[in-house]
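Participant: predicted model and sequence below, questions to follow.
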Amino acid sequence: MIDVFYTYDKVSSDDFIKTILARYYNIPNATICKSINGKPYIEGRKIHFNLSHSKQITALAVGKKRVGFDVESLTGKARPAVLNKFTERERSEILSSADFYSHWTARESYIKFYGETLAALWRKVEFFRGNIYLRGEKTDANILQFEMDNYVFSVCGDYSKVNIRRIDL
């Protein structure tokens, strides 16, 4: 089970992470460390989390196993310059803005799962027929996706269920 917390309140990323960790995981005053590519973690704790934000939403996925997470608003339009960076197979599945953001968040959640940057892996990753491919080879990456309040959420990790909580700060 992965927990996804989200808010529409204006809050900094680190403050949101600290609030959730203190309130729901009994980790007060957490010191947030960041990998060389910016992936947040807590030193010495067996808790994994990943943060994302889009337009008015800030969201955090928290679990016991490594996680990559992304959220995007469905109210935007597919960006032609970015659409051209998807593979031909992906473009055959991208028929709407919702499809565009579904593919985008799946790819980004996978890249964030490994703590990499978009620049390093974007052209090496493909999301096709619900699966992630890396350098043309199908991976065993599990992508959970759901839509809520005009946003699409993608979770990459060894999770089969999502528990969603709205947080008012």
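Facilitator: Noted; the coordinates are in hand.

Participant: in the helix-or-strand element of the chain with minimal mean pLDDT, what counts as buried?
Facilitator: Counting by mean pLDDT, DSSP states H and E, the chain has its least confident helix or strand at helix 80-83, which shows a mean of 82. Using 16 or more other Cβ atoms under 10 Å as the test for burial, helix 80-83 gives no buried residues. For glycine as for every other residue, the C-beta is placed from the backbone atoms N, C-alpha and C.

Participant: what about residue 59, how many residues nearby?
Facilitator: 23 (other Cβ atoms under 10 Å).

Participant: who does it bridge with?
Facilitator: residue 6, residue 52 (DSSP bridges).

Participant: who touches it in this structure?
Facilitator: Contact analysis of residue 59 by Cβ atoms under 8 Å, 6 or more residues apart in numbering lists 4-7, 51-53, 69, 71, 153.

Participant: thinking again about what came up before, ok, residues contacting the least confident helix or strand of the chain?
Facilitator: Contacts for helix 80-83 (Cβ under 8 Å, 6+ apart): 91, 94, 100, 104.

Participant: for the last one, phi and psi?
Facilitator: Yep, that's residue 104 we're talking about. phi -60, psi -50 (degrees, to the nearest 10).

Participant: correct me, but it touches residue 71?
Facilitator: No: judged on Cβ atoms under 8 Å, residue 104 makes no contact with residue 71 at a distance of 10.5 Å.

Participant: higher neighbour count, these two?
Facilitator: residue 71 (26 against 23).

Participant: show me what the strand or helix carrying that one pairs with in its sheet, parallel or antiparallel.
Facilitator: Residue 71 is part of strand 68-73, with elements assigned from DSSP states H and E. Looking at strand 68-73 with DSSP bridges, its partner strands are strand 151-156 (antiparallel).

Participant: tell me the mean pLDDT over the strand it pairs with?
Facilitator: For strand 151-156, mean pLDDT rounds to 98.

Participant: understood, closing this out.
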